[in-house]
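[1] Below are the sequence and a predicted model; questions follow.
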Amino acid sequence: MERRADDYAVLAKSAEGEARLLGHIVAGDRRAFEAFYRAYFPRLTRFLHRMTRSATLIEEIVNDTLLAVWRKAATFDGTSKVSTWVFAIAYRRACKSLQAVDEPVDAGIDEREGDQAEQPQWQLERLRLTQAVDVALATLPLAQRTAFQLTFYHDMSYTEIADIMDCPVNTIKTRMFHARKRLAVLLEDQLEGRP
């Protein structure tokens, strides 16, 4: 029985489903890979944006990562979640790419479309805070920035992050401690007077 694309899209929405989807990819099922690609492309793009800030580099790393998934799906041993395995591949490829690039990581604020003066005050505040957090995160060392974003933007546990970054859990805890401490100082002005 041939599966429909919708069936695969449903599988991509849970950890157990992702593992089953990976099994279909091992069997060479292109539709399963398409659903996997669609599910992971935006997640990996968000993750890599804060690491590289280069659209060209991000797209290259995401595509390299997902190509590695296609080629090496059979090597997934099930000792971690599929997402941990995929993010580990992306992290390692990003680190290699950043070492090869000889330009500084841009810590600038993204330009936003539209006239901000027309937005309600709360949207402006939220935008300012988001921009301040992005700028503050860009000042953190790569290892701290990565641990922080995997925790808060991708809802991963310290154990999963340690698997991705190939280091002990206590190292992740230390990185998070220092990242929070540094961000608290950098964002102190932004957070004053907030409940």
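    Perfect, I can see it now.

[2] For this protein, which segments count as helices?
    5-11, 15-26, 30-52, 55-72, 82-100, 121-139, 142-152, 158-165, 169-186, 188-191 (DSSP state H).

[3] Serialize those to JSON lines and add fields for mean pLDDT.
    JSON lines is the format used below for the helices of the chain (pLDDT from 0 to 100):
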{"stretch": "helix 5-11", "mean pLDDT": "69"}
{"stretch": "helix 15-26", "mean pLDDT": "89"}
{"stretch": "helix 30-52", "mean pLDDT": "90"}
{"stretch": "helix 55-72", "mean pLDDT": "93"}
{"stretch": "helix 82-100", "mean pLDDT": "90"}
{"stretch": "helix 121-139", "mean pLDDT": "78"}
{"stretch": "helix 142-152", "mean pLDDT": "91"}
{"stretch": "helix 158-165", "mean pLDDT": "93"}
{"stretch": "helix 169-186", "mean pLDDT": "92"}
{"stretch": "helix 188-191", "mean pLDDT": "71"}
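
[4] could those helices go into a markdown table alongside mean neighbour count?
    Heads up, the C-betas are built off the backbone N, CA and C, glycines and all. Below are the helices of the chain laid out as a markdown table (neighbours: other Cβ atoms under 10 Å):
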| stretch | mean neighbour count |
| --- | --- |
| helix 5-11 | 16 |
| helix 15-26 | 18 |
| helix 30-52 | 19 |
| helix 55-72 | 17 |
| helix 82-100 | 19 |
| helix 121-139 | 14 |
| helix 142-152 | 21 |
| helix 158-165 | 21 |
| helix 169-186 | 16 |
| helix 188-191 | 11 |
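
[5] Look up phi and psi at the nearest residue to A15 once chain neighbours are set aside.
    Residue nearest to A15 in three dimensions, not counting chain neighbours: K81, with 5.2 Å by Cβ to Cβ, 6 or more residues apart in numbering. The phi and psi values for K81, taken as degrees, to the nearest 10, are phi -70, psi 160.

[6] same deal with L187?
    Residue torsions, per degrees, to the nearest 10, at L187 are phi -100, psi 10.

[7] contacting residues around it?
    Going by Cβ atoms under 8 Å, 6 or more residues apart in numbering, L187 touches 132-133, 136.

[8] rewinding a little: the residue nearest to A15 contacts T159, doesn't it?
    No: K81 lies out of contact with T159 (Cβ atoms under 8 Å); the separation is 10.1 Å.

[9] quick one on the thing from earlier: would you format the contacts of L187 as TSV with distance to F152 included?
    Output for those, formatted as TSV (distance: Cβ to Cβ, whole Å):
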residue	distance to F152
A132	15
V133	10
A136	13
